[in-house]
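A.B. asks: the following comprises the amino acid sequence and a computationally predicted model.
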Amino acid sequence: MFSMNKKIKTRMAPSPTGMLHVGTAHTTLFNYLFARHNGGSFILRIEDTDPERSEKRFEEDIIDGLRWFGIDWDGEVTRQSETGSTYKKYLEKMLQNGTAFYCQHSKEELEEEKKAQIEKKEPPKHVCNARDKNLEEGIIRFKNNQEEKIVFHDEIRGEISFDPKLLGDFSLARSLESALYHFAVVIDDAVMDITHVIRGEDHISNTPKHILIQRALNLPQVTYAHLPLLLGSDRSKLSKRHGATSVAEYRKDGYLPEAMLNFLALLGWNPGTEQEIFSKDELIKEFSLEKVQKAGAIFDVKKLDWMNGEYIRTKSTSELVDLATPFLLDVRRPNQLGRRTSKLKNIIELEQPRLKKLSELPEKIDYFFAEPKPSTDLLQWKSMTKEEIRKSLEKSKAILENFDADFTKENLEKIFLENTGKDRGELLWPLRVALSGKKASPGPFDIMAILGKDESIKRIQSSTLLWSGNLHGGF
């Protein structure tokens, strides 16, 4: 068990067999917060012992994704592939002390045994008849002679017990030079002085195997904490059928790292207050395993969108322009920019209050860079006739042509509101649609202040012609 005199040390050990999953990021965050809250250290270890599936590009994605979040680790990144000699030493020790042995059963024989056990509705396990034969080659297995239940304390779930007979003689390594997951992870944790293993609840069934290996080698038992899994809206395990699952996808979709970090922290952890927006430093200060729930945490994208919008609104206009620029490359083509490039800050500032994620910007602001062609149906306000809408657009055009004050939102709003009737929509709806071409957009005064007088008049004229049937027909 963990001694309070020992400095807390956690780790995250992802396999580079795919892009950084939000579930992996979630577990990493909890390890990081726990270590930092307790003044301990946090290690990043890449479990790349599967050469067929491990790829350098996935390792780079994991490291880049965690750095994007602002999750830092102590020391250099370590890799399992670099510690083969250490595994060999401990495997030899287990073979010598009789807690491990060589098994020469073929893959086909083991599959046949498993199939027969399943047909008999027995738990699949392999109790090897070669466990006492002192063979010198083959798969290295743990000699499971444990009779008493394996009991351990989980920091989140309390006491957990397992029947060791269900484990059989489980495999440790393909050979002395090729350790498998269960053995490698235990040795790595021991060599690195890991005190707390915080991982997903899907690893609970692995824990008794790890404890048996620790006992066989007289290694200290770490403290375990198994986190709730991330669930989709249907309460099944989060998967691609629920939407994006990799951090890179959310990053590409315009989510801010601070928002993602905050959102993930609240999945399965409850601070015990009504506060929902936390900085990283606040999360470190408040985090504890005692406040982690047992039940699965639903990955609510709507909640993430709301939170991301909250963080977007904390940014200065200059910061938001810098963050948004990569998302605007397609919209801001040189032939579309014109003089409105200098007003990009105004454009983004206009959308900032309504923005949920940065990827929405291109579609929301494209009309500033290219004249829209609104549909005739969209120009129509309620039950206004074709003639009434034509007159409404011509009235807006006349107001602008005679406008000689400073071309500001405030001045525009004043003069237009003085010219509206009982239903302001009869003048302002066709005007706004003519300017933006959209069903939903900022108000016409904001838009005109950015477009300028000449461009605004031009767009109203184009929509008047469109409505009159001179462009693309009428109704």
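C.D. replies: Done, it's in. Residues are numbered from 1 along each chain as shown.
A.B. asks: what residues of stretch 216-228 count as buried?
C.D. replies: 216, 217, 219, 221, 222, 223, 224, 225, 226, 227, 228 (16 or more other CB atoms under 10 Å). Where you see a C-beta, it was placed from the backbone N, CA and C, and this is true even at glycine.
A.B. asks: all strands for the chain, in order.
C.D. replies: 9-12, 41-46, 78-79, 100-103, 139-142, 150-154, 158-162, 171-175, 178-179, 196-200, 223-227, 230-231, 297-298 (DSSP state E).
A.B. asks: tell me which of the ones you listed sits most buried.
C.D. replies: strand 9-12 (a mean of 24; mean count of other CB atoms under 10 Å).
A.B. asks: need the pLDDT of the spatially closest residue to residue 395 that is not a sequence neighbour.
C.D. replies: With CB to CB, 6 or more residues apart in numbering as the criterion, residue 395 has its nearest non-adjacent residue at 6.6 Å, and that residue is residue 427. Residue 427 carries a pLDDT value of 95.
A.B. asks: where's residue 427 relative to residue 416, distance?
C.D. replies: 7 Å (CB to CB, to the nearest Å).
A.B. asks: what does residue 378 give?
C.D. replies: 20 Å.
A.B. asks: neighbour count for those two, which is higher?
C.D. replies: residue 416 (21 against 17; other CB atoms under 10 Å).
A.B. asks: name the nearest residue to the more buried one, sequence neighbours excluded.
C.D. replies: Nearest to residue 416 is residue 399, by CB to CB, 6+ apart, at 6.4 Å.
A.B. asks: would you map the helices across the stretch 351-475 of the chain?
C.D. replies: According to DSSP state H, counting those that start in this stretch, the stretch 351-475 of the chain carries its helices in the segments 361-365, 376-379, 386-401, 409-417, 425-436, 444-451, 453-467.
A.B. asks: now those as TSV including distance to residue 127?
C.D. replies: Shown next, in TSV, are the helices of the stretch 351-475 of the chain (distance: least, CB to CB, whole Å):
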stretch	distance to residue 127
helix 361-365	62
helix 376-379	73
helix 386-401	83
helix 409-417	80
helix 425-436	73
helix 444-451	75
helix 453-467	80
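A.B. asks: quick one: which of these is nearest residue 72?
C.D. replies: Set against residue 72 and scored by CB to CB, the helices of the stretch 351-475 of the chain come closest in helix 361-365, at 29.8 Å.
A.B. asks: can you give me the buried ones in that closest one?
C.D. replies: Those would be 361, 362, 364, 365, for helix 361-365 by 16+ other CB under 10 Å.
A.B. asks: tell me where the stretch 201-350 of the chain has helices.
C.D. replies: 207-216, 247-252, 257-265, 280-286, 301-312, 317-324, 334-337, 344-351.
A.B. asks: and those, which is most packed in?
C.D. replies: Of all the helices of the stretch 201-350 of the chain, as judged by average neighbours under mean count of other CB under 10 Å, the leader is helix 257-265 with a mean of 22.
A.B. asks: quick one: that one to helix 301-312, angle?
C.D. replies: Here helix 257-265 runs at an angle of 140 degrees relative to helix 301-312 (axes from the mean of the first three to the mean of the last three CA atoms, to 10 degrees).
A.B. asks: so where's the stretch 351-475 of the chain uncertain?
C.D. replies: For the stretch 351-475 of the chain, applying pLDDT under 70 flags the ranges 467-475.
A.B. asks: thinking again about what came up before, the helices of the stretch 351-475 of the chain: which one's closest to residue 17?
C.D. replies: Ranking the helices of the stretch 351-475 of the chain by proximity to residue 17 (CB to CB) places helix 361-365 first, at 33.4 Å.
A.B. asks: and the closest one, what does it pack against?
C.D. replies: helix 344-351 (3 or more CB pairs under 8 Å, 6 or more residues apart in numbering; DSSP states H and E).
A.B. asks: touching, residue 123 and residue 164? I think so.
C.D. replies: No: Residue 123 sits out of contact with residue 164 when judged by CB atoms under 8 Å, with a separation of 12.0 Å.
A.B. asks: and the two? Which one has more around it.
C.D. replies: residue 164 (17 against 11).
A.B. asks: so the more buried one sits against residue 151, correct?
C.D. replies: No: applying CB under 8 Å, one finds residue 164 not in contact with residue 151, separated by 10.7 Å.
A.B. asks: common neighbours of residue 427 and residue 416, please.
C.D. replies: residue 396 (CB atoms under 8 Å, 6 or more residues apart in numbering).
A.B. asks: centroid-wise, who is the farthest residue in the protein?
C.D. replies: residue 402 (52.8 Å; CA atoms, centre = their mean).
A.B. asks: the spatially closest residue to residue 126 that is not a sequence neighbour and residue 127, how far apart?
C.D. replies: Leaving aside its chain neighbours, residue 126 sits nearest to residue 168 (4.8 Å; criterion: CB to CB, 6+ apart). For residue 168, the distance to residue 127 equals 5 Å [CB to CB].
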